[in-house]
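Asker: sequence and computational prediction follow.
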Amino acid sequence: MSIPTSPPPDTATGPGGPLRPPPFDPECAAFLEEFADVLSPSLTPDGIPELRENSVVAPPTDDDLRRDGAFEIEERTVPGPRGAPDVGLLICRPAGAREPLATVYYTHGGGMIIGDNRTGVSEPLDWSQELGGLAVVSVEYRLAPEHPHPAPIEDCYAGLVWTAGHAAELGLDPGQIILAGQSAGGGLAAALALLARDRGGPALAGQMLLCPMLDDRNDSPSGHQMAGLGVWDRTSNHTGWSALLGEAAGGPGVSPYAAPARAEDLSGLPPAFIDVGSAETFRDEDVAYACRIWQAGGQAELHVWPGGFHGFDMFVPHARISRDAREARLRWLRRLLRTSTEPDTEA
């Protein structure tokens, strides 16, 4: 599938004229300046092979994932969507756990075009250790443009259905499955919540959407503001969405299971945690998604981190706002898991 090479021009204006970018947090700005020659914000289709070949962050090894014996690691190959290849799952369980475990079902980031089921899984393992034991199941999905929509979301859904259906075998609690993902993985997690609702699929305790990639229309004020800045700008976003959707990107009739911002109905979804930086492309679509969940009668917790660029907490983990962001995620998970395990009581 050919990928259109560039988005429409940046012509958006605000009440005071052309949109100006918000400032970066000082620690984030220092990182971007230091690595300006390595991290280009504007990815075009011809850069995908090099991006895949030269990942900025090396995937964790089995020894990394085991964390000195804290986790048992297993790779499973499970049935994929009907007529499609099997799906790989990376299953990480706290060593020696006996009680059924709450589970983070993780969908990795990478703009729909790069990554595997080890990408970004270190943070969910941190959650597990901080909260006293969560299982982490990370799914390997087919990548665009070789495998356009619906291949990625159907792979993720097949893995989710298998995980819930084999919870007893794996030592998991099927009533405490939390979806989580960052960037493209955040968009896939949001789409999974919609798909599970609409297909009557596994019950879900929550959805953690970290700087999620939600809207293929790529025309928000924040997208225009951040053109040419940060690590994933409007050109990169166009490349990712066009890889997934081809010429359909930005046009009518795009499925909400590809771009969750297209969903007309956001009612009946599990509680959501949404966070995003103020100085990144996805800010406005993520804020709008939280607002629409509230308007539909749902529950969402929204954080907009001042001066954060896309994925700031991964690139600048010791920055103050990165530490604050991680702490906020843990607090939400604690509340969610406490609520989901408390017995119902009469008023």
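Answerer: Yep, it's here.
Asker: low-confidence bits of the stretch 1-150 of the chain, can you list those?
Answerer: Regions of the stretch 1-150 of the chain meeting the criterion pLDDT under 70 cover residues 1-17, 56.
Asker: can you pull out the strands in it?
Answerer: Secondary structure of the stretch 1-150 of the chain (DSSP state E, counting those that start in this stretch): strands at 13-14, 17-18, 71-78, 87-94, 101-107, 135-140.
Asker: out of those strands, which comes closest to G311?
Answerer: Set against G311 and scored by Cβ to Cβ, those come closest in strand 101-107, at 15.1 Å. Just so you know, the C-beta spots here come from the backbone N, C-alpha and C atoms, and that holds for glycine as well.
Asker: pull the residues that contact that closest one.
Answerer: With contact meaning Cβ atoms under 8 Å, 6 or more residues apart in numbering, strand 101-107 is reached by 93-94, 117, 120-121, 124, 127-128, 133-139, 141, 156, 159-160, 163, 167, 171-173, 176-181, 185-186, 188-189, 192, 205, 208, 337, 340.
Asker: any idea how far R217 is from L65?
Answerer: Going from R217 to L65 by Cβ to Cβ, to the nearest Å gives 37 Å.
Asker: please apply the same query to V137.
Answerer: Here V137 is placed at a distance of 13 Å from L65 (Cβ to Cβ).
Asker: select the longest strand from the protein.
Answerer: strand 172-182 (DSSP state E).
Asker: would you mark the buried spots in that one?
Answerer: Buried positions in strand 172-182, judged by neighbour count with 16 or more other Cβ atoms under 10 Å: L172, D173, P174, Q176, I177, I178, L179, A180, G181, Q182.
Asker: could you give the average pLDDT over the next helix or strand after that strand?
Answerer: Following strand 172-182 in sequence order, the next helix or strand is helix 184-199 (DSSP states H and E). Confidence for helix 184-199, expressed as mean pLDDT, is 98.
Asker: now swap in stretch 159-177 and tell me
Answerer: For stretch 159-177, the mean confidence score works out to 97.
Asker: that older thread, neighbour-wise, which of R217 and L65 wins?
Answerer: Per other Cβ atoms under 10 Å, whichever of R217 and L65 has more neighbours is L65, with 20 against 16.
Asker: who touches the residue nearest to the more buried one when sequence neighbours are not counted in this structure?
Answerer: Of all residues not flanking L65 in the chain, I73 sits nearest, at 5.0 Å (Cβ to Cβ, 6 or more residues apart in numbering). Counting by Cβ under 8 Å, 6+ apart, I73 touches D62, L65, R66, L90, I91, C92.
Asker: next one: A97
Answerer: A97 sits in contact with G133, A135, G171, where contact means Cβ under 8 Å, 6+ apart.
Asker: the second one: what's it in contact with?
Answerer: By Cβ under 8 Å, 6+ apart, the residues touching A135 are 91-94, 97, 101-104, 128, 170-172.
Asker: export those residues to CSV and tack on distance to P317?
Answerer: Listed next are those as CSV, based on distance: Cβ to Cβ, whole Å:
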residue, distance to P317
I91, 25
C92, 20
R93, 25
P94, 23
A97, 27
L101, 26
A102, 25
T103, 25
V104, 19
S128, 18
L170, 30
G171, 31
L172, 29
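Asker: so what does E280 look like in phi/psi?
Answerer: Recorded main-chain torsions at E280 are phi -150, psi 160, according to degrees, to the nearest 10.
Asker: what is the burial count for the residue nearest to it when sequence neighbours are not counted?
Answerer: Nearest non-adjacent residue to E280, counting by Cβ to Cβ, 6+ apart: H310, 4.1 Å away. Counted by other Cβ under 10 Å, the residues lying close to H310 total 27.
Asker: which residues in the stretch 101-250 of the chain form helices?
Answerer: In the stretch 101-250 of the chain, the helices defined using DSSP state H, counting those that start in this stretch lie at 122-130, 151-165, 167-170, 184-199, 221-225, 234-245.
Asker: can I get the CA coordinates of the fourth one in PDB?
Answerer: By that I understand helix 184-199. Extracted C-alpha coordinates of helix 184-199, given in PDB (Å, rounded to 0.1, in the frame of the first residue of the first chain):
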ATOM      1  CA  ALA A 184      -0.400   4.200  19.100                       C
ATOM      2  CA  GLY A 185      -0.800   1.600  21.800                       C
ATOM      3  CA  GLY A 186      -3.000   4.000  23.800                       C
ATOM      4  CA  GLY A 187      -5.200   4.300  20.700                       C
ATOM      5  CA  LEU A 188      -5.300   0.600  20.400                       C
ATOM      6  CA  ALA A 189      -6.300   0.300  24.000                       C
ATOM      7  CA  ALA A 190      -9.100   2.800  23.500                       C
ATOM      8  CA  ALA A 191     -10.200   0.900  20.400                       C
ATOM      9  CA  LEU A 192     -10.100  -2.400  22.400                       C
ATOM     10  CA  ALA A 193     -12.500  -1.000  25.000                       C
ATOM     11  CA  LEU A 194     -14.900   0.000  22.300                       C
ATOM     12  CA  LEU A 195     -14.600  -3.300  20.500                       C
ATOM     13  CA  ALA A 196     -15.100  -5.300  23.700                       C
ATOM     14  CA  ARG A 197     -18.200  -3.300  24.500                       C
ATOM     15  CA  ASP A 198     -19.700  -3.600  21.100                       C
ATOM     16  CA  ARG A 199     -18.900  -7.300  20.700                       C
END
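Asker: packing partners for that helix?
Answerer: strand 101-107, helix 151-165, strand 172-182, strand 206-210 (3 or more Cβ pairs under 8 Å, 6 or more residues apart in numbering; DSSP states H and E).
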